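Engineer: Compute the structure for the input listed below.
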Amino acid sequence: MAYKTAKAWKEAAMQRPQGVDDAEMHQREQQARKHVLQEGKQPAGDVWEDYMIYIMGKMDLEEYQAYLLFKYSKGGE
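Structural biologist: Next up, the predicted model:
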């Protein structure tokens, strides 16, 4: 499905059921937190919300990458 905005895409994804079990979700969250610590800063704006889309399995990796590309390209928001 094509979305007109990244916000619409994120909202649709967040309505989906959790796509991974709790153990996988915990592992993904720990990896994301480790990544954030390596960068030495807190995620700005809605970046952590974007991480949660993948952490909770609302999007698979391929869709998540496409979403981020769309969001941060011209016209994504």
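Engineer: and stretch 23-41, how far from the chain's centre?
Structural biologist: 12 Å (Cα atoms, centre = their mean, to the nearest Å).
Engineer: same question, stretch 8-28
Structural biologist: Its chain's C-alpha centre and that of stretch 8-28 lie 9 Å apart, by Cα atoms, centre = their mean.
Engineer: end to end, how far does it reach?
Structural biologist: With Cα to Cα, to the nearest Å as the measure, stretch 8-28 spans 24 Å from end to end.
Engineer: Buried residues, stretch 21-34. List them.
Structural biologist: Within stretch 21-34, the residues that count as buried by 16 or more other Cβ atoms under 10 Å are Met25, Arg28, Ala32. Heads up, the C-betas are built off the backbone N, CA and C, glycines and all.
Engineer: what helix or strand is the closest residue in space to Ala6 that isn't next to it in sequence on?
Structural biologist: Residue nearest to Ala6 in three dimensions, not counting chain neighbours: Lys71, with 3.6 Å by Cβ to Cβ, 6 or more residues apart in numbering. Here Lys71, judged by DSSP states H and E, is contained in helix 61-72.
Engineer: now do Lys10
Structural biologist: Per DSSP H and E: Lys10 is located in helix 6-14.
Engineer: and if you look at Lys58?
Structural biologist: Following DSSP H and E, there is no helix or strand that holds Lys58.
Engineer: from memory it sits against Gln18, does it?
Structural biologist: Yes: applying Cβ atoms under 8 Å as the test, Lys58 and Gln18 come out as touching, 7.4 Å apart.
Engineer: higher neighbour count, those two?
Structural biologist: More neighbours surround Lys58 than the other of Lys58 and Gln18, with 21 against 12 (other Cβ atoms under 10 Å).
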